[in-house]
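Peer 1: requesting a structural model of the entry that follows:
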Amino acid sequence: MGPADGTLASLTLTDFRGFASAKLALDDRLNVLVGGNAAGKTSLLEAAFLLGRGQSFRAARLDTLIRYGQPALTVFGEVRPGTGYQRVGVEVSRGEGTTIRVDGAPATRSTLSKALPVQLLDPGSQELVRGGPEERRRFLDWGVFHVEPPFLDAWQQYRRALDQRNAALRRGAGDGTVRAWDEPLAAAGEAVDTHRRQALAGLAPEAEAQSERLLGERAAIDYHRGWAEDATLTEALHAGLDRDRQFGSTQAGPHRADLRLRLYGRLAKQSASRGQEKLLSAALALAQAGQVAAVLGRRVILLVDEPAADLDRRHLQRLLEALLAAPAQILLTTLEATAMT
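Peer 2: A predicted model of the protein is given here:
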């Protein structure tokens, strides 16, 4: 891995939220954005997130990010050598939707994510601990996407089969019609589960070690795949057909998977303080950033919004030391620069 491989050299915004235009030249390691409330610091992180994910971490609709009275926004980044990409851009238009380009060519969100792997650590990241399983699946799958290349195709096949099976359940189709989807669903679902387990084999030990560094207590991470461990997915689908009809959707499969996070032997979502939630979320994000960076041979872009919130000085210092040790380019916001020293 080169000293700056894959990092953002610059970030350019046009008509993004409150910015008519802005351009940031970025250091390949640490960038601290200082300012008061409503100064636009988080919006800059959001723009970088959009550039790496093709979506926002604050808004469901991208057209709400366009500056008032303007027809479109653009976010453009120059990526330092080492990835095969040099330029990435996203345009969001009120009339024409979202356009993604990598090196000038039309691209998909998955191509964008490969070009610029972006991870977020903000107050909303604490939903990894206290939120529902979907938050933890979304977190897990971002890493699996990067470290297990066949995962995306397996997941897309699974979602297509799942949508078809659920449609058959909703319209009250006969058993034969519903079960016709069990074989393709199970084949893709077992592949999704395998890729997740392979990624977790590297992620979980490091996340547990990071939690010990940050919290002084080693977390335990247990993976629940979404159906019984003593059955194949095909068997689970057959056995659960009556229940699926009752709910009108498939109740077994990797779309029901979860990560169970424990501290001091108890489920963290039931017992952790806000500070513990934040540090456990950070442990997961740091471990995943390290895993992705090692597999890709390049740094991850790590966006950190107000790290001092909910932390005392001792634990904030531990977090800052861990961030600086990560194989990442860091964009970090703070109300006061003195809080970071």
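Peer 1: now do the buried residues in the longest helix along the chain.
Peer 2: Secondary structure of the chain per DSSP state H: the longest helix is helix 182-215. Across helix 182-215, burial judged by 16 or more other C-beta atoms under 10 Å covers 182, 184-186, 188-196, 199-200, 202-204, 206-208, 210-211, 213-215. C-beta coordinates here come from the backbone N, C-alpha and C atoms, glycine included.
Peer 1: helices or strands up against the helix or strand following it?
Peer 2: On the C-terminal side of helix 182-215, the closest following helix or strand by DSSP states H and E is strand 220-224. Contact here means 3 or more C-beta pairs under 8 Å, 6 or more residues apart in numbering; DSSP states H and E; on that basis strand 220-224 packs against helix 182-215, strand 258-263.
Peer 1: would you reformat these as JSON lines and include mean pLDDT and distance to residue 99?
Peer 2: Listed next are these as JSON lines, based on pLDDT from 0 to 100; distance: least, C-beta to C-beta, whole Å:
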{"stretch": "helix 182-215", "mean pLDDT": "97", "distance to residue 99": "30"}
{"stretch": "strand 258-263", "mean pLDDT": "97", "distance to residue 99": "35"}
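Peer 1: can you redo the ones you listed as TSV with distance to residue 150?
Peer 2: TSV is the format used below for the helices and strands packed on strand 220-224 (distance: least, C-beta to C-beta, whole Å):
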stretch	distance to residue 150
helix 182-215	7
strand 258-263	21
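Peer 1: looking at these, which is closest to residue 126?
Peer 2: Nearest to residue 126, of all the helices and strands packed on strand 220-224, is strand 258-263, at 11.5 Å by C-beta to C-beta.
Peer 1: show the average pLDDT along the helix or strand just after the closest one.
Peer 2: For strand 258-263, the succeeding helix or strand toward the C-terminus, using DSSP H and E, is strand 266-267. On average, the pLDDT along strand 266-267 is 96.
Peer 1: what about residue 305, how many residues close to it?
Peer 2: 22 (other C-beta atoms under 10 Å).
Peer 1: what residues does residue 307 make contact with?
Peer 2: 121, 316, 319-320, 323, 332, 334, 340 (C-beta atoms under 8 Å, 6 or more residues apart in numbering).
Peer 1: phi first, then psi, for it.
Peer 2: For residue 307, the backbone dihedrals (degrees, to the nearest 10) come out as phi -70, psi -20.
Peer 1: any idea of the pLDDT on it?
Peer 2: Listed pLDDT for residue 307 reads 95.
Peer 1: ditto for the one 5 residues further on
Peer 2: Looking at residue 312, its pLDDT stands at 95.
Peer 1: begin at 195, not 1, for the rest of this chat.
Peer 2: Happy to do that; since the first residue is 195 now, the last one works out to residue 506.
Peer 1: tell me, how many residues neighbour the nearest residue to it once chain neighbours are set aside?
Peer 2: In space, and not counting its chain neighbours, residue 506 is closest to residue 469: 7.3 Å by C-beta to C-beta, 6 or more residues apart in numbering. When neighbours are defined as other C-beta under 10 Å, residue 469 has 16 of them.
Peer 1: secondary structure element holding residue 469?
Peer 2: Going by DSSP H and E, residue 469 is in helix 468-490.
Peer 1: buried sites along that helix?
Peer 2: Neighbour-count burial for helix 468-490 [16+ other C-beta under 10 Å]: 469-487, 490.
Peer 1: quick one: list the elements packing against it.
Peer 2: Helix 468-490 sits against strand 312-315, helix 321-324, helix 327-341, helix 376-409, strand 452-457, helix 462-465, strand 494-499, helix 507-519, with contacts defined as 3+ C-beta pairs under 8 Å, 6+ apart.
Peer 1: distance of the nearest residue to residue 499 once chain neighbours are set aside relative to residue 304?
Peer 2: Ranked by C-beta to C-beta, 6+ apart and with sequence neighbours excluded, the top spatial neighbour of residue 499 is residue 316, at 3.7 Å. Going from residue 316 to residue 304 by C-beta to C-beta, to the nearest Å gives 23 Å.
Peer 1: okay, these two: which has more neighbours?
Peer 2: residue 316 (22 against 13).
Peer 1: which residues does the more buried one contact?
Peer 2: 236, 239, 251, 497-500.
Peer 1: could you report the pLDDT at it?
Peer 2: Reading off the model, residue 316 has pLDDT 94.
Peer 1: what do you get for the one 3 residues further on?
Peer 2: At residue 319, the model reports a pLDDT of 94.
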